[in-house]
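J.: With the input below, show me the fold.
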Amino acid sequence: MNNEKIIITDMGSTDSNKHSDKAILCLGIESSCDETSAAIVDSDRNILSHIIYSQIPEHANYGGVVPELAARAHILAIEEVVKLTLQRANKTLNDIDIISATAGPGLIGGVLVGWMAAVGMSDALQKPLIAINHLEGHALVPRLCATSALDNTVNIDVKFPYLLMLASGGHCQILLVHNVGQYELLGQTLDDSAGEAFDKIAKMLGLGYPGGPIVDKMARQGNPKRFDFPRPLCDKPNCDFSFSGIKTAARFLLNSISEEERNDTFVQDFCASFQQAVVDCIINRLKHALKTNPVIKANPETIVVAGGVAKNSAIRTAIEKLAIENNKLFAAPPMNLCTDNGAMIAWAGIENYKVGKNIVKQPVAPRPRWPLTEL
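T.: Numbering: from 1, shown residues only. I've put the predicted structure just below:
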C-alpha cells in the first residue's frame, strides 16, 4: 500500500478554519464494498477533508467486486486513509467529537474492517461511536450537500419529509423519508437493481468495469429509439421494480447480432435504448409513488435521487423533470457524493447523534443485510 494508489477526492473545503468551535466534528469511515474512505465533517455542513482509496484496479479484471480481495484491500488501506484524512483537515483524533462507521449492509469482510477500526479508536479515546446503516448514509447525504440536474443549483436545503429514489449497489427502492431513522418503503426491486443491470449490460458488451458510467457515456451518443426493450411492471399499480427482463431481452438481442454488426453505432444505440428503458421504468414507478396515500398525506416538497445510479445523467434529468411537472423541488448529491464515501457516513453520524439514535452502548455485530425499515 502506498500513497500513489490512494485516490484523493476533494469533496469540499479542507480549510479547518471554517469549522466553528461549537460545531460537532465527526470522523466517518466507509468500507462496505470496494472503496475505503474516511472523512471529517462538521454539523455546520462543512467537509473538512475526505479521502477515498478506490479498489477498481483490483477488481476490473473480474468484471465485478471479489469479496475476499476487497476485504484484504480494506485491511491494507484503512490506517493510511484515516491518517491522511486527519492530516488534510489539520486535526488529530483528540479533536474529533464523535466517530461513525458503516455497520452494514455490505460485504461483511469489508464492513468488519472499517467497523473494528472505528471501535478501536472509540474505545481508546472514549469518544461516542455511531453505527451507521450504509443505505441511510446515501439517504441523508443530500441534506449535507445537494444539487439539481438541469441548472447545477447547489446547496439546496432538503427538508423532511422527502420522496427518495435510492439506487445503490444491489438496492433499488422508493422510500418516503420522514426523519432520521424513519423510512417508509413504497417500492423496491423484485430482482436485479438498476446498478446491477447497467454493470451486466456493460459486461455483455465488453465495455469494462464499473459499467454504469460507461453505459451512460455511450448512451449520450446513441439513438434511444432504435431497439425496443421491455418496461417490466409499468402496467402494474404498485411501486415495485423489475430489471431482469430488460437485461434478458438485451442478452437475446445481443446474441442475434454478429460480431461484424457490433460497431460503435450499434453499441451506442444499444446502450441508449437500454438506458431509456430503465429511465422509463424509474419514472413510471415514481409517478405511482406520488399518487400513493402516504405521499399525498406527507406532501413532501422535494424528490431526491441518491446512490451510485444517481450519477447517471439521464436518470437525474428525467427525475428533475418529473419533480417540476409535479410542483416539487429536485435534489441529488453532487456527483462525487453519489458513490460510496466517508462524508455521507460522517454526516449520517452527526444526524443520528443529534437525535440520540444508533449511539453504541454495547457491542454491535456488523450486518451483511440491514433494511432501512428496521432502523
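
J.: which residues in the protein form helices?
T.: 56-59, 67-89, 108-125, 134-140, 194-205, 211-219, 244-255, 264-290, 293-298, 313-325, 342-354 (DSSP state H).

J.: pull the helix or strand with minimum mean pLDDT from this structure.
T.: Across the helices and strands of the chain, mean pLDDT, DSSP states H and E gives its lowest value to helix 56-59, namely a mean of 84.

J.: Now do that helix: which elements does it pack against?
T.: helix 67-89 (3 or more Cβ pairs under 8 Å, 6 or more residues apart in numbering; DSSP states H and E). C-betas here are computed from N, CA, C, even on glycine.

J.: Which residues outside the helix it packs on are in contact with it?
T.: Applying Cβ atoms under 8 Å, 6 or more residues apart in numbering, the external contacts of helix 67-89 come out as 1, 3, 6, 8, 14, 16, 27, 29, 31, 33-34, 36-40, 48-53, 55, 58-59, 92-93, 107, 109-110, 112-114, 117, 121, 342.

J.: wait, which of the helices of the chain is closest to Q188?
T.: helix 264-290 (9.7 Å; Cβ to Cβ).

J.: And that closest one, what does it pack against?
T.: Using 3+ Cβ pairs under 8 Å, 6+ apart, helix 264-290 is in contact with strand 162-168, strand 171-179, strand 182-188, helix 194-205, helix 211-219, helix 244-255, helix 313-325.

J.: Make TSV out of these and add mean neighbour count, distance to E68 and mean pLDDT.
T.: As requested, these are exported to TSV (neighbours: other Cβ atoms under 10 Å; distance: least, Cβ to Cβ, whole Å; pLDDT from 0 to 100):
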stretch	mean neighbour count	distance to E68	mean pLDDT
strand 162-168	26	22	96
strand 171-179	22	22	97
strand 182-188	19	28	98
helix 194-205	23	19	93
helix 211-219	21	22	94
helix 244-255	16	26	95
helix 313-325	18	32	96
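
J.: Compare these and give me the one nearest A23.
T.: Nearest to A23, of all the helices and strands packed on helix 264-290, is strand 171-179, at 21.3 Å by Cβ to Cβ.

J.: what stretches of the chain score poorly on pLDDT?
T.: For the chain, the stretches with pLDDT under 70 are 1-19, 149-153.

J.: Tell me which residue lies nearest the centroid of it.
T.: Most central in the chain under Cα atoms, centre = their mean is G307, positioned 2.4 Å from the mean C-alpha point.

J.: That residue contacts S168, doesn't it?
T.: Yes: with contact defined as Cβ atoms under 8 Å, G307 reaches S168; the gap is 3.2 Å.

J.: Now list whatever residues contact both of those two.
T.: H138, G195.

J.: In contact with H138: list those residues for me.
T.: By Cβ under 8 Å, 6+ apart, the neighbours of H138 are L166, S168, A306, G307, M344.

J.: And for Q55?
T.: D34, E35, T36, V65, L69, A70, A73.

J.: Between the residues you listed, which sits nearest N133?
T.: Comparing every one of the contacts of Q55 with N133 (Cβ to Cβ), the shortest separation belongs to E35, at 16.8 Å.

J.: State the distance from the closest one to C145.
T.: Here the criterion is Cβ to Cβ, to the nearest Å. By it, E35 lies 18 Å from C145.

J.: Equivalent analysis for L164, please.
T.: 16 Å.

J.: same thing with D280?
T.: 29 Å.

J.: The two - which one has more neighbours?
T.: C145 (24 against 16; other Cβ atoms under 10 Å).

J.: was I right about the more buried one contacting N46?
T.: No: here C145 does not reach N46: they are 10.0 Å apart, not a contact under Cβ under 8 Å.

J.: one step back: can you say which of the helices of the chain is nearest to P368?
T.: Going by Cβ to Cβ, the one of these nearest P368 is helix 108-125, 4.5 Å.

J.: roughly how far is stretch 274-294 from the heart of the chain?
T.: Stretch 274-294 has its C-alpha centroid displaced from the chain centroid by 19 Å (Cα atoms, centre = their mean, to the nearest Å).

J.: Need the CA coordinates for that stretch. PDB is fine.
T.: The C-alpha trace of stretch 274-294 is given here as PDB (Å, rounded to 0.1, in the frame of the first residue of the first chain):
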ATOM      1  CA  PHE A 274     -31.400   0.000 -22.700                       C
ATOM      2  CA  GLN A 275     -30.900   3.100 -20.600                       C
ATOM      3  CA  GLN A 276     -34.100   4.700 -21.800                       C
ATOM      4  CA  ALA A 277     -36.000   1.500 -20.800                       C
ATOM      5  CA  VAL A 278     -34.500   1.800 -17.300                       C
ATOM      6  CA  VAL A 279     -35.300   5.500 -17.100                       C
ATOM      7  CA  ASP A 280     -38.900   4.900 -18.200                       C
ATOM      8  CA  CYS A 281     -39.300   2.200 -15.500                       C
ATOM      9  CA  ILE A 282     -38.000   4.500 -12.800                       C
ATOM     10  CA  ILE A 283     -40.200   7.400 -13.800                       C
ATOM     11  CA  ASN A 284     -43.300   5.200 -14.100                       C
ATOM     12  CA  ARG A 285     -42.700   3.900 -10.600                       C
ATOM     13  CA  LEU A 286     -42.100   7.300  -9.200                       C
ATOM     14  CA  LYS A 287     -45.300   8.600 -10.800                       C
ATOM     15  CA  HIS A 288     -47.200   5.800  -9.000                       C
ATOM     16  CA  ALA A 289     -45.400   6.700  -5.700                       C
ATOM     17  CA  LEU A 290     -46.600  10.300  -6.000                       C
ATOM     18  CA  LYS A 291     -50.200   9.000  -6.100                       C
ATOM     19  CA  THR A 292     -50.000   6.800  -3.000                       C
ATOM     20  CA  ASN A 293     -51.800   7.700   0.200                       C
ATOM     21  CA  PRO A 294     -48.600   8.100   2.300                       C
END
